[in-house]
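# this one's structure only:
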């Protein structure tokens, strides 16, 4: 049976409406997935078939699943990176107090059995009392407190802690977290890999979580052969039988070339492609042995601009560069139409985003703007870092488009880990980047804000944008907060912080005998513990 799905369910559910009193909504039933027309020129997906019931958890895990991933992970230890490539592996082995629902992306209690808002800034949580780490140690509030402090020592992930200023143990399973001021991102931050809970005993002993990432997740890390594969096995003593792994072993193969991943799936070398090569979409979509999952996504792709480089100090130069770039051409030529061209600085699917002030595509206007402000196009020459084949092709199109107004650029290829390190250290002119998060505050904080915790990825500092973001985060009322963030986005659009490209469509393909019921449009969420084979 052919199995196809193309869902736009996220579009109506990604609004930041949580926290009536700085608290998440209760988990609601997942909304039904809605079919949407295929992009022009693409084969229309068939309706998704009814999902077969999963095997009973007490039957135990069985079978093996091999996944082809496009790049090497940076880390198997949570909170030692902030990369969407590494996060799915962290989510297999480690857990957080809350997780994001795979469709609504709202925070849902996970390790937490109960919680109370003592005030707008102080929250008390109680853990489930039957959680064990994979090394057999029981999880207690002391582990949560120790993990909280451990993460704050890590530059790559401590940004998630700007929503909290203190934590204290109350009793064996109870603890309190203080946000200092009201913070609309608090419960979302608790879903981050950076807030994974680790054993206090191992933290105190200086354990190397990169070599041995002990956590409480449904899988246990077994092996990592760099450049080849990572292997995980089912956690046989997982604490929650309803969400215990149904598959005994999962192997993540590293296959950078998209065509090679497609061939590996077709020949049975792998069972699952985590990122389908866009030119192969129709081919796989017409294969009766393959299930193609194409989900709308809030993931914004953009080009970071280093504002500390002379080419990008002038707002008119940045705006002219954006005006000369045709995102529609990039989406059609590189992504085969399987993406949404985007010109605003924040994902337009979120409450608080707006297109107001965004630069239009207007190459003649771009040239005129440079001339008006006496900016020599040749003086804006820059290098753009690309981390995969799609980035490279997009860079080549941008190279041609900017060349038409006299701005020369060069292209440097790096693997995703090197690109990530180079951008976070500020050693770049421009770089392709995605931002995978299910709430608007995440991208506002990490791309635009400067405070004692974070230096944003564009190496810029705009006091007006800083003030608006900070005020919005501290605003509890959802409507008022959205209005503040809309103003922040408008200012960012006019200030031309970075070059937006497109909103992703998350496309995965896998063996038609595999059921993966909790895949998400957010590229970091797979919930592979719920996947199972039908035969």
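Sure thing, it's come through. None of the values given here were measured: they were computed from a predicted structure.
# Neighbours of residue 144, how many?
The tally of other residues near residue 144 (other C-beta atoms under 10 Å) stands at 24. Quick note: C-beta positions are derived from backbone N, CA and C, even for glycine.
# Secondary structure element holding it?
Assigned by DSSP states H and E, residue 144 belongs to helix 141-151.
# can you pull the buried residues of that helix?
141, 143-148, 150-151 (16 or more other C-beta atoms under 10 Å).
# what's the answer for stretch 203-210, then?
207, 209.
# List of residues touching that stretch?
75-78, 80, 146-147, 150, 198-199, 202, 214 (C-beta atoms under 8 Å, 6 or more residues apart in numbering).
# Can you tell me how far residue 190 is from residue 232?
24 Å (C-beta to C-beta, to the nearest Å).
# for the stretch 1-150 of the chain, what spans make up the strands?
Counting by DSSP state E, counting those that start in this stretch, the stretch 1-150 of the chain has strands at residues 3-7, 64-69, 98-100, 107-109, 112-117, 122-127.
# Which residue ranges of the stretch 251-400 of the chain form helices?
Here the stretch 251-400 of the chain has its helices, by DSSP state H, counting those that start in this stretch, at 258-267, 281-285, 315-323, 327-335, 363-372, 389-403.
# Mean neighbour count, these: which tops it?
Greatest average neighbour count among those goes to helix 315-323 (a mean of 22), per mean count of other C-beta atoms under 10 Å.
# if we can go back for a sec, orientation of the helix holding residue 144 relative to strand 122-127 in degrees?
Angle between the axes of helix 141-151 and strand 122-127 is 120 degrees (criterion: axes from the mean of the first three to the mean of the last three C-alpha atoms, to 10 degrees).
# So for the helix or strand following helix 141-151, mean pLDDT?
Sequence-wise, the next helix or strand downstream of helix 141-151 (DSSP H and E) is strand 166-169. On average, the pLDDT along strand 166-169 is 96.
# With stretch 438-457 instead?
The average pLDDT for stretch 438-457 rounds to 87.
# what's the spacing between that stretch and its chain's center?
When distances are taken as C-alpha atoms, centre = their mean, to the nearest Å, stretch 438-457 is centred 14 Å away from the chain's centroid.
# what's the span of it from first residue to last?
Using C-alpha to C-alpha, to the nearest Å, the end-to-end distance of stretch 438-457 comes to 18 Å.
# next one: stretch 76-95
End-to-end distance of stretch 76-95 (C-alpha to C-alpha): 13 Å.
# Same list (the strands of the stretch 1-150 of the chain) but as a markdown table, adding mean pLDDT and mean neighbour count.
What follows is the strands of the stretch 1-150 of the chain, written out as a markdown table (pLDDT from 0 to 100; neighbours: other C-beta atoms under 10 Å):
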| stretch | mean pLDDT | mean neighbour count |
| --- | --- | --- |
| strand 3-7 | 41 | 22 |
| strand 64-69 | 97 | 22 |
| strand 98-100 | 95 | 23 |
| strand 107-109 | 96 | 21 |
| strand 112-117 | 97 | 15 |
| strand 122-127 | 98 | 19 |
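# Count the residues that sit near the residue nearest to residue 485 when sequence neighbours are not counted.
Spatial nearest neighbour of residue 485, chain neighbours left out: residue 352 (2.9 Å); criterion: C-beta to C-beta, 6 or more residues apart in numbering. By the measure other C-beta under 10 Å, the count of residues near residue 352 is 23.
# check contacts around residue 470.
449, 451.
# buried residues in the helix or strand in which it is found?
Secondary structure from DSSP H and E places residue 470 in helix 463-473. Going by neighbour count (16+ other C-beta under 10 Å), the buried part of helix 463-473 is 465-466, 468-470, 472-473.
# Rounded mean pLDDT for that helix, please.
96.
# by contact count, what packs against the helix or strand just after that helix?
Later in the chain than helix 463-473, the nearest helix or strand by DSSP H and E is helix 478-495. The elements that helix 478-495 packs onto, with contact taken as 3 or more C-beta pairs under 8 Å, 6 or more residues apart in numbering; DSSP states H and E, are helix 440-448, helix 463-473.
# And the shortest one, what does it pack against?
Here helix 440-448 is seen to pack against strand 430-435, helix 463-473, helix 478-495 when contacts are counted using 3+ C-beta pairs under 8 Å, 6+ apart.
# what's near enough to touch the residue lying closest to residue 329 once chain neighbours are set aside?
Nearest non-adjacent residue to residue 329, counting by C-beta to C-beta, 6+ apart: residue 397, 6.1 Å away. Counting by C-beta under 8 Å, 6+ apart, residue 397 touches 326, 329-330, 333-334.
# For the chain, which residue occupies the most central location?
residue 436 (2.3 Å; C-alpha atoms, centre = their mean).
# With adjacent residues omitted, what lies nearest to it?
Computed as C-beta to C-beta, 6+ apart, the closest residue to residue 436 that is not its neighbour in sequence is residue 84, at 4.2 Å.
# thought that neighbour was touching residue 523?
Yes. If you go by C-beta atoms under 8 Å, residue 84 and residue 523 touch, sitting 5.6 Å apart.
# got any residues that touch both of the two?
Residues touching both residue 84 and residue 523 by C-beta under 8 Å, 6+ apart: 299, 434, 436.
# separation between the first one and residue 200?
Computed with C-beta to C-beta, the distance linking residue 299 and residue 200 is 34 Å.
# Settle it for me: which of these two has more neighbours?
In this view residue 299 and residue 200 are compared by other C-beta under 10 Å, and residue 299 has more residues nearby, 23 against 20.
# how near is the more buried one to residue 400?
According to C-beta to C-beta, residue 299 and residue 400 sit 26 Å apart.
# nearest residue to residue 228 other than its sequence neighbours?
residue 254 (6.2 Å).
# Just grab the bridge partners of that neighbour for me.
Bridge pairing for residue 254 (DSSP bridges) gives the partners residue 69.
# burial measure for it, as a count.
16.
# shouldn't it be in contact with residue 229?
Yes. With contact defined as C-beta under 8 Å, residue 254 counts as touching residue 229 (6.5 Å).
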